[in-house]
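Undergrad: Next one to model:
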Amino acid sequence: MINNQKSIFITGAASGIGLATARKFAGEGWFVGAFDVNAEGLTALQAELGAAHCLTRTLDVTDRADYAAGLKAFGEKTGGTMDILFNNAGIGRGGPFADQPWEDVMAVVNVNFIGVLNGIHLALPLLKATKNALCFTTSSSSATYGMANIAVYSATKHAVKGLTEALAIEFKAYGIRAADTLPGLIDTAILPPEAKTRAPAEGMFRLIQPTEVADAVWAAYATDKIHWYVPPEIFELDKTATLTPEATRDQMAAMAGFITRGD
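TA: Below you'll find the model as predicted:
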């Protein structure tokens, strides 16, 4: 690392939002720690950014010991500091809850929420050692109101949102900020192809490029704003769902074609 160079630790960095964020911060002169289960993608990223500007390592966020080892390797490069922890790794396995295999349910919970808990809990010493550090996590627009057919995914993102709000209070004692992003439909591999083709050209659920979320991560470092909606119109859904949850439920049910069954 260059003296006084800032650093960011990114999970899910080999593709999508994580990849766009790694490129964004590297381009701004930051040292990037890029972690993912996708070894091939990490190799390509390191070749792109250069070994002097990034550390890449495979990492299973559900494995606490593996996460600790990744943080140790990162801390050795940064002198025991971390300006941003970006817990971004996530998976999406959908379908009606009644039909979902239990293995899929728990895989989503373990990656999307337990992985976040692992990262924040283990990274605290590095964050505490860094002035003005930011703990940043990828939530989702599905954390504004529970979404049918991705119920468990939506629940994990609600959990991330609530955790972020609580830690934004607790971490004031350490001078650490906590924030999250609530993206809508992002053009990444996690979004099913049919959702991409059906995305409207305008409105809050238009198709968004991962670079727009990366820009939000960059902007978040300079403020104490907690929730970053991408696109910003997602905030309107959050307000509506809070003020009129029953009406929101009925509207979403009608849009999705759900009707009351007699059995």
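Undergrad: Tell me which stretches of the stretch 1-150 of the chain form helices.
TA: Assigned by DSSP state H, counting those that start in this stretch, the helices in the stretch 1-150 of the chain fall at 16-27, 39-49, 64-78, 102-109, 115-128.
Undergrad: Next up, phi/psi of Ile186, please.
TA: Here is the backbone geometry of Ile186 (degrees, to the nearest 10): phi -100, psi 140.
Undergrad: Would you mind measuring from the residue lying closest to it once chain neighbours are set aside to Tyr229?
TA: Spatial nearest neighbour of Ile186, chain neighbours left out: Ile208 (5.2 Å); criterion: C-beta to C-beta, 6 or more residues apart in numbering. Where C-beta positions appear, they are placed from N, C-alpha and C, glycine not excepted. Ile208 sits 11 Å away from Tyr229, going by C-beta to C-beta, to the nearest Å.
Undergrad: Which strand residues bridge the one residue sitting closest to the centre of the chain?
TA: Closest residue to the average C-alpha location of the chain: Thr138 at 1.9 Å, with C-alpha atoms, centre = their mean. Counting by DSSP bridges, Thr138 is bridged to Thr181.
Undergrad: Isn't it up against Asn88?
TA: Yes - counting by C-beta atoms under 8 Å, Asn88 is a contact partner of Thr138 at 4.5 Å.
Undergrad: Now for those two: what residues contact both?
TA: Jointly contacting Thr138 and Asn88 under the rule C-beta atoms under 8 Å, 6 or more residues apart in numbering are Gly12, Ile17.
Undergrad: quick one: the strands in the stretch 101-250 of the chain?
TA: For the stretch 101-250 of the chain, applying DSSP state E, counting those that start in this stretch gives strands covering 134-138, 177-183, 185-186, 207-208, 227-230.
Undergrad: now the last one, how far from the centre of its chain.
TA: In this case it means strand 227-230. Centroid separation for strand 227-230 versus its chain: 11 Å, with C-alpha atoms, centre = their mean, to the nearest Å.
Undergrad: now for that strand, which elements pack on it?
TA: strand 177-183, helix 210-220, helix 234-243 (3 or more C-beta pairs under 8 Å, 6 or more residues apart in numbering; DSSP states H and E).
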